[in-house]
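S.K.: Have a look at this fold, sequence not included:
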C-alpha cells in the first residue's frame, strides 16, 4: 500500500480502487509523545495514548511507498509532522541492533519503503542541507530502502502531489 | 560570574534523564543556576525570565533523529519573543544509541536557530548511551563530561564535549538488551512480549 501524510489539507483526488491512503494530520487529534516507553515495555507495539495516531502508525509500517509533505523549521519537520513521527515509535522495539555499522532499534513488522519527502516553506540553503542529512539518518531508523527529497513552495504542493500520484499509477 | 538558566526540553520533564543530568550539572557548576521544565503552557513565562540570565543551557533527548517537539515548539515561541538581551545558548543532548554522533543533526538544528535569531552558541555536550549510562558503572563517564560542561560555562570558555559508554557495539547490544529486559520486567512484560512483531 501507499501512504500520504500531509501537515495541511491538500486538494487531490485519489484514483478509484487505488491502494493509496491519505491522512491530513492537521485534521487529526494527535497528542505529543510522553516518552513513557509504554509502547516498548508495557503494551508492546501499542501506544498508551489512544488517539488518532494509532490509526496512522500501523499504516506507516505496512506501506511500501510513503509521501510525507511537511513545512520545515530549523532544518527539520515542523511540529505537526514531527509530532506524528515521534508517535510512530510503537513500530520499533526497545531492543537494539547493529545496522549500517551503527546501533539502531529493531523494527517490528515494518515493510521496507521508498519515501518521497516534500519539504516546503521559505527555505535557506543551509536549512535544506540540514534536512537532507536528517532524511539520510531517518532512512536508517524508518526503513527507507530509498528516498527522494523535494523542496518546493507551498503553492506548488497540490500540483507536485498530483504528479507523484500519477507516477505511482504507472 | 554569570547566571545560568537550565531548560529541560524532554517530554518526560520531571521523570526524565534530562532532569537527572540537570541535577548533576547544578551540583558541579560554580555559577548560580536555575532549573525549569519546558511545558506546553509556560513558553511566555520562560522567555520573559530569560533576559535575567547570561547563559541558557537546553538539556533534551534526541527524538526521531531531531529535536523533540516540546523543544521545537518552545524555540518557535522564543523566536517570536525577540529578546533585547540575548543569553549565550549551550546545548546538552543525549541519545540512547551508543554513537554520540547520532545527535549531530539535532545540534545543527539548534545552531541554525541560534544563527537565525542572533544568539551566540556556547558549549555543546553530546552524550551517547544516555538512556542507561547513569545506572551503570560507566556513570563516571557522564559525570566527567558534565563537570567539564559546567566548568566551561561558568568560566565562559565554551567547549564541544562528547561522551559515551566505552563499549564495543556488540557489548553495547548485549548490555542494552539486558537493560530493556529488566525495564519490561517492572511491568510484568517478558522479553518475547517486548519483541513482538505485531503493531496495534
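M.R.: The structure has been received and is ready for your questions. Remember, it's a predicted structure, so these values are computed and weren't measured experimentally. Residues are numbered from 1 along each chain as shown, chains lettered A, B, ... in the order given.

S.K.: Could you look up the SS state of residue A:131?
M.R.: Under DSSP: H, G, I helix; E, B strand; the rest coil, the three-state class of residue A:131 is helix.

S.K.: average model confidence for stretch B:52-68?
M.R.: Across stretch B:52-68, the average pLDDT comes to 97.

S.K.: Any residue of that stretch touching chain A?
M.R.: Yes - using CB under 8 Å from any CB of the partner chain, stretch B:52-68 reaches chain A at B:61, B:63, B:64, B:65, B:66, B:67, B:68. Using the backbone N, CA and C atoms, a C-beta is placed for each residue, glycine as well.

S.K.: Now flag whichever of these is closest to residue A:13.
M.R.: Here the nearest of the residues of stretch B:52-68 next to chain A to residue A:13, counting by CB to CB, is residue B:64; it sits at 30.9 Å.

S.K.: Just give me the neighbour total for the closest one.
M.R.: With neighbours defined by other CB atoms under 10 Å in any protein chain shown, the count for residue B:64 comes to 25.

S.K.: Next up, the contacts around it.
M.R.: Contacts for residue B:64 (CB atoms under 8 Å, 6 or more residues apart in numbering or on different chains) come out as A:82, A:85, A:86, A:88, A:89, A:138, A:141.

S.K.: Which of the residues you listed has the largest number of neighbours?
M.R.: residue A:85 (26 neighbours).

S.K.: Setting aside sequence neighbours, what's the nearest residue to that residue?
M.R.: Once its chain neighbours are removed from consideration, residue A:85 has its nearest residue in residue B:64; the separation is 4.7 Å (CB to CB, 6 or more residues apart in numbering or on different chains).

S.K.: And for residue B:82?
M.R.: If you skip the residues right next to it in sequence, residue B:82 has residue B:117 as its closest partner in space, 7.8 Å away by CB to CB, 6+ apart.

S.K.: My guess is that neighbour contacts residue B:80. True?
M.R.: No - in this structure, residue B:117 is not within contact of residue B:80 by CB atoms under 8 Å, at 10.0 Å.

S.K.: okay, the two: which has more neighbours?
M.R.: Looking at residue B:117 and residue B:80 with other CB under 10 Å, you find the greater number of neighbours at residue B:117, namely 16 against 10.

S.K.: Which residues are in contact with the more buried one?
M.R.: Contacts for residue B:117 (CB under 8 Å, 6+ apart) come out as B:78, B:79, B:82, B:86.

S.K.: wait, which of those residues is closest to chain A?
M.R.: Using CB to the nearest CB, the shortest approach to chain A within those belongs to residue B:79, at 9.3 Å.

S.K.: what ranges do the strands span in chain A?
M.R.: Remark: strands assigned in chain A by DSSP state E are A:2-6, A:20-24, A:65-73, A:76-77, A:92-99, A:102-107, A:113-120, A:144-152.

S.K.: Mind putting those strands into TSV with mean neighbour count?
M.R.: Formatted as TSV, those follow (neighbours: other CB atoms under 10 Å in any protein chain shown):
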stretch	mean neighbour count
strand A:2-6	23
strand A:20-24	16
strand A:65-73	23
strand A:76-77	28
strand A:92-99	18
strand A:102-107	18
strand A:113-120	21
strand A:144-152	15
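
S.K.: which residue is nearest the middle of chain A?
M.R.: Using CA atoms, centre = their mean, the residue of chain A that lies closest to the mean C-alpha position is residue A:68, 5.2 Å off.

S.K.: still on that earlier bit, mind listing which of the residues of stretch B:52-68 next to chain A are in helices?
M.R.: With DSSP state H as the criterion, helices contain none of the residues of stretch B:52-68 next to chain A.

S.K.: can you pick the most crowded of those residues?
M.R.: residue B:67 (30 neighbours).

S.K.: where are the low-confidence patches of chain A?
M.R.: Segments of chain A classed as low confidence (criterion: pLDDT under 70) are not present in this model.

S.K.: which residues does residue B:11 contact?
M.R.: If a contact means CB under 8 Å, 6+ apart, then residue B:11 has A:32, A:33, A:34, A:35, B:63, B:68, B:69, B:70 as its contacts.

S.K.: Distance check, the second one against residue A:72.
M.R.: Computed as CB to CB, to the nearest Å, the residue A:33 to residue A:72 distance reads 20 Å.

S.K.: ok, now the fifth one?
M.R.: As for residue B:63, its distance to residue A:72 is 16 Å (criterion: CB to CB).

S.K.: do the same with the last one
M.R.: Residue B:70 sits at a distance of 18 Å from residue A:72 (criterion: CB to CB).
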